[in-house]
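I need the structure of the sequence given here:
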Amino acid sequence: MLGLKIDVDTYWGIKQGVPRLLHTLEEFNIKGTFFLSIGPDNSGRAALQLIKNPLFLKKMMRTNAAALYGWETALYGTLLPAPMIALSFPQIVREIIAAGHEVQFHAWDHRRWQDELPDKSENWIREWFSKGIAGFEKLTGNKPTAFGAPSWLIDDRVLAIIKEYKFDYLSCTRAKAPFIHEIVNVLELPSDLPCFEEVDAQKCVSIISELIKDGGTHVLPVHAEVEGSIFQNQFRELLEKALNMGVKIMSLNEIKEKLDIQTLPIRKYKMELLPGRHSACAV
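Numbering: from 1, shown residues only. Here you go, the predicted structure:
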């Protein structure tokens, strides 16, 4: 099984990337799970990371960030106002749902979580969830049943708050296989495969194909800004290759329904810097 975890992180990503991804998925007749960022796009604040974190600058150069996100995105939340992401495009959210894809909660303010979570208070985290889930309900008419943390960044405070929402599953880590979170007793469906932008652009399809060829349960992290943009041809190539190998491509909820949760190990996350990343992820 190959689950598609499609993160929508930016205004540009939902406006331009999501419609392209919907077209591709329809062409292949497959479904995925869209994790939506609901609130402000503060992507311009990433400029601070260019100074603080040399690995972030290296990633931006390697992935040709200007082509991925556009120059306007690089100014949102600084020189340009921060536009709302999913809340700006209710029609696109309706199109995702009408096409039969799963929709879940990813973020209120993705950039601030990604850059500032360790320094934020528990009250800030609670308000972040409250705003994001209220926006999600406004867009979909339903409460989310899953959460995928921005940049796979969590801590014990986050998991304690998550417990109150009684999600059916989480997708908050880069672990190698599904497990039950020790703190919250909730299923984790981790993104065990690398992102396209974390590996050699010329070899990404062959690298990921090699990782899924022997079967098992896998989750591919997809980004609307990446596979819905300059990596869309590689994404199509990977889907075609996977289907030809007999891999069943599906949403994360479909994977959840097929797992025997009672047999999964109970584990505690830890933080680790993975190849191709600029900051530590939960593993």
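
All the strands of the stretch 151-283 of the chain, residue numbers only.
Assigned strands in the stretch 151-283 of the chain, in chain order: 169-170, 179-181, 187-188, 218-223, 249-250, 266-267, 271-272, 281-282 (criterion: DSSP state E, counting those that start in this stretch).

I'd like these as JSON lines, with mean pLDDT appended.
Shown next, in JSON lines, are the strands of the stretch 151-283 of the chain (pLDDT from 0 to 100):
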{"stretch": "strand 169-170", "mean pLDDT": "98"}
{"stretch": "strand 179-181", "mean pLDDT": "98"}
{"stretch": "strand 187-188", "mean pLDDT": "98"}
{"stretch": "strand 218-223", "mean pLDDT": "98"}
{"stretch": "strand 249-250", "mean pLDDT": "98"}
{"stretch": "strand 266-267", "mean pLDDT": "98"}
{"stretch": "strand 271-272", "mean pLDDT": "98"}
{"stretch": "strand 281-282", "mean pLDDT": "98"}
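
Can you tell me which of the ones you listed is nearest to residue 163?
When those are compared by C-beta to C-beta, strand 179-181 sits nearest residue 163, at 9.2 Å. (Each C-beta comes from the backbone N, C-alpha and C, glycine too.)

What pairs with that closest one, parallel or antiparallel?
Sheet pairing of strand 179-181 (DSSP bridges) gives strand 187-188 (antiparallel), strand 266-267 (parallel).

Now do the helices in this protein.
Assigned helices in the chain, in chain order: 11-12, 18-28, 47-52, 54-62, 65-73, 90-98, 110-116, 122-140, 156-165, 204-212, 232-244, 252-258 (criterion: DSSP state H).

Any idea which of these gets closest to residue 185?
Once the helices of the chain are compared by C-beta to C-beta, helix 156-165 is nearest, at 8.0 Å.

Pull out the buried positions in that closest one.
Residues 157-159, 161-162, 165 are the ones in helix 156-165 that count as buried (16 or more other C-beta atoms under 10 Å).

just those residues now: which is nearest residue 86?
Among the buried residues of helix 156-165, and counting by C-beta to C-beta, the member closest to residue 86 is residue 165, at 18.2 Å.

isn't the closest one right up against residue 130?
No: between residue 165 and residue 130 there is no contact under C-beta atoms under 8 Å: 10.2 Å.

any idea which of the strands paired with strand 179-181 is most buried?
strand 187-188 (a mean of 20; mean count of other C-beta atoms under 10 Å).

so what's residue 247 up against?
Contact analysis of residue 247 by C-beta atoms under 8 Å, 6 or more residues apart in numbering lists 1-2, 212.

Kindly report the same for residue 16.
228-229.

That one and residue 10, how far apart?
Note on residue 16: its distance to residue 10, by C-beta to C-beta, to the nearest Å, is 9 Å.

Residue 11: what's it in contact with?
Contacts of residue 11 (C-beta under 8 Å, 6+ apart): 41, 73, 76, 83-85, 88.

Residue 101 too?
22, 25, 31-34, 251.

swap in residue 6?
Here residue 6 is in contact with 21, 32-35, 222-224, 227 (C-beta under 8 Å, 6+ apart).

one step back: winner for burial among the strands of the stretch 151-283 of the chain?
Of the strands of the stretch 151-283 of the chain, strand 218-223 is the most buried (mean count of other C-beta under 10 Å), at a mean of 24.

helices or strands next to that strand in the packing?
Applying 3 or more C-beta pairs under 8 Å, 6 or more residues apart in numbering; DSSP states H and E, we find strand 218-223 packed against strand 2-8, helix 204-212.
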